[in-house]
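Enquirer: could you look at this predicted model? Sequence included:
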Amino acid sequence: MAGKIPATVVTGFLGAGKTTLIRHMLENAEGKRIALIINEFGDLGVDGDILKGCGDETCTEDDVMELSNGCICCTVADDFIPTMEKLLDRETPPDHIVIETSGLALPQPLVRAFNWPGISTKVTVDGVVTVVDGKAVTEGRFAHNVDAVDAQRAMDENLDHETPLSELFEDQVACADMIVVNKSDLLGEDEAGALVGKLKGEARDGVQVVKTAMGRMPVDVLLGQGVGAEDDLESRHEVHHHHHHHDDEDPHHDDHHLHEHEHGHDEFESFVVTRAEVADPKAFAEQIADVIRAHDILRLKGFVAVEGKPMRLTVQAVGPRVDSYFDQPFGAAPRQTRLVVIGQSGLDRAAIEAALAA
């Protein structure tokens, strides 16, 4: 039995930068096969065409599926479930599924849909990533262009919730496992700090808020480590993402230009923690959740050896959402617990190692 395919839900209002984030992710996927389910009603043609042009082996045209029947949360059974089943029945299933919801979608019904029979055994919810327009929210609006969001609502015949934008925004924040403040380059240092604090206050305990500009987020922060990455973790023991390489730019640009680009990015680090076998998997999952909350860990992923069980326990967490299931026997691999921790720079590595090994 193979591991489950992780699925990441990307939510946020029209114009927050979901498509930009996803396009950057596809351009930097490094061979990871990503399938996309897009539900941006009203803006669909534009989005679909842009993403279908992503070419290369990362995502073929078949890997982009559009749900054009309106708001995804209102058509879960008719539209989303069959699309997921079609994806999962392929000969070469994707490594990761990314679902871009309509800005008007309530994330909750979608997350519940992953418990559907036939899907729950093959897919795991990696996490809900909510993208926020930093500039708009700081100025007291929820979206850069509220009229465009309202027009989107008017066009969608299947939309069966008349939720006001303020409530939808609260819902997207409350449901998030990670919040990405986009366009943070347009904010001053104090403004950005105040907004991050405000969002952390409104989100669930343990949800991290990261700042980005132009949708540039390291893929392993957004989606977690690649499938084969567990094998070569030793060689990438300490990953610092400094975002200093912009392939599309002239390498000889002056420092001022570089600084301008760097502004508004958070930097990240990751490391591996190994520990002895675990006696009680349920208690260990709770321990992991506590450590994540206490140390502002963004992602945690890995394999756990449980006493008396031949199967290895796969654990993956994004913020406070911790998911675990037994996936396959250890076989010839050493019975070892290995966890990858990812967070914003400045994690207290020694304290985290001690807390996870306890």
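Expert: The structure has been received and is ready for your questions. Residues are numbered from 1 along each chain as shown.

Enquirer: need the strands for the chain, in chain order.
Expert: Assigned by DSSP state E, the chain shows strands spanning 5-11, 34-38, 64-66, 96-100, 123-133, 178-182, 208-211, 239-241, 268-275, 297-305, 311-318, 321-329, 337-344.

Enquirer: just checking, what packs against the fifth one?
Expert: Using 3 or more C-beta pairs under 8 Å, 6 or more residues apart in numbering; DSSP states H and E as the contact criterion, the neighbours of strand 123-133 among helices and strands are strand 5-11, helix 107-113, helix 165-175, strand 178-182, strand 311-318, strand 321-329. Bear in mind the C-beta positions are built from the backbone N, C-alpha and C, glycine included.

Enquirer: and Arg349, what pLDDT?
Expert: For Arg349, the pLDDT comes out at 94.

Enquirer: how much space between the nearest residue to it once chain neighbours are set aside and Gly140?
Expert: Computed as C-beta to C-beta, 6 or more residues apart in numbering, the closest residue to Arg349 that is not its neighbour in sequence is Phe271, at 5.8 Å. Distance, Phe271 to Gly140, by C-beta to C-beta, to the nearest Å: 40 Å.

Enquirer: neighbour count for these two, which is higher?
Expert: Phe271 (18 against 6; other C-beta atoms under 10 Å).

Enquirer: relative to Arg90, how far out is that one?
Expert: In terms of C-beta to C-beta, Phe271 sits 35 Å off from Arg90.

Enquirer: cool, and Gln108?
Expert: To Arg90, Gln108 is 28 Å away according to C-beta to C-beta.

Enquirer: same question, Val278
Expert: For Val278, the distance to Arg90 - C-beta to C-beta - is 34 Å.

Enquirer: same deal with Lys122?
Expert: According to C-beta to C-beta, Lys122 and Arg90 sit 11 Å apart.

Enquirer: who has more neighbours out of the two?
Expert: Lys122 (19 against 11).

Enquirer: need the contact list for the closest residue in space to that one that isn't next to it in sequence.
Expert: With C-beta to C-beta, 6+ apart as the criterion, Lys122 has its nearest non-adjacent residue at 5.1 Å, and that residue is Leu88. By C-beta atoms under 8 Å, 6 or more residues apart in numbering, the contact set of Leu88 is Ile5, Ile119, Lys122, Val123.

Enquirer: and the second one, what does it touch?
Expert: Residues in contact with Ile119, defined by C-beta under 8 Å, 6+ apart, are Ile81, Met84, Glu85, Leu88, Ala113.

Enquirer: just the buried residues from those residues, in ChimeraX please.
Expert: Selecting just the buried residues from the contacts of Ile119 in ChimeraX takes one command, with 16 or more other C-beta atoms under 10 Å as the test:
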select :81,84,88,113
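
Enquirer: tabulate the contacts of Ile119 in TSV, adding columns for pLDDT and distance to Ile38.
Expert: Shown next, in TSV, are the contacts of Ile119 (pLDDT from 0 to 100; distance: C-beta to C-beta, whole Å):
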residue	pLDDT	distance to Ile38
Ile81	77	16
Met84	82	13
Glu85	83	17
Leu88	83	18
Ala113	80	16
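
Enquirer: between the contacts of Ile119, which is nearest Val149?
Expert: Using C-beta to C-beta, Ala113 comes nearest to Val149 of the contacts of Ile119, at 23.7 Å.

Enquirer: surely that closest one meets Phe80?
Expert: Yes: shown here, Ala113 and Phe80 form a contact pair, counting by C-beta atoms under 8 Å, at 5.9 Å.

Enquirer: show the low-confidence segments of the stretch 1-150 of the chain, by residue range.
Expert: 1-2, 39-78, 103-107 (pLDDT under 70).

Enquirer: helices of that one, residue ranges please.
Expert: 18-27, 44-52, 81-88, 107-113, 134-138, 146-155 (DSSP state H, counting those that start in this stretch).

Enquirer: out of these, which comes closest to Ala289?
Expert: Among those, if distance is taken as C-beta to C-beta, the winner is helix 107-113, at 17.2 Å.

Enquirer: any idea how far the closest one is from the chain center?
Expert: 15 Å (C-alpha atoms, centre = their mean, to the nearest Å).

Enquirer: OK, contacts around Ala16?
Expert: Counting by C-beta under 8 Å, 6+ apart, Ala16 touches Gly103, Val131, Val132, Asp133, Ala136, Ala143, His144, Asn182.

Enquirer: repeat for Val291
Expert: Val291 neighbours (C-beta under 8 Å, 6+ apart): Ile297, Leu300, Ile352, Ala355, Leu356.

Enquirer: quick one: it from Met25, how far?
Expert: 27 Å.
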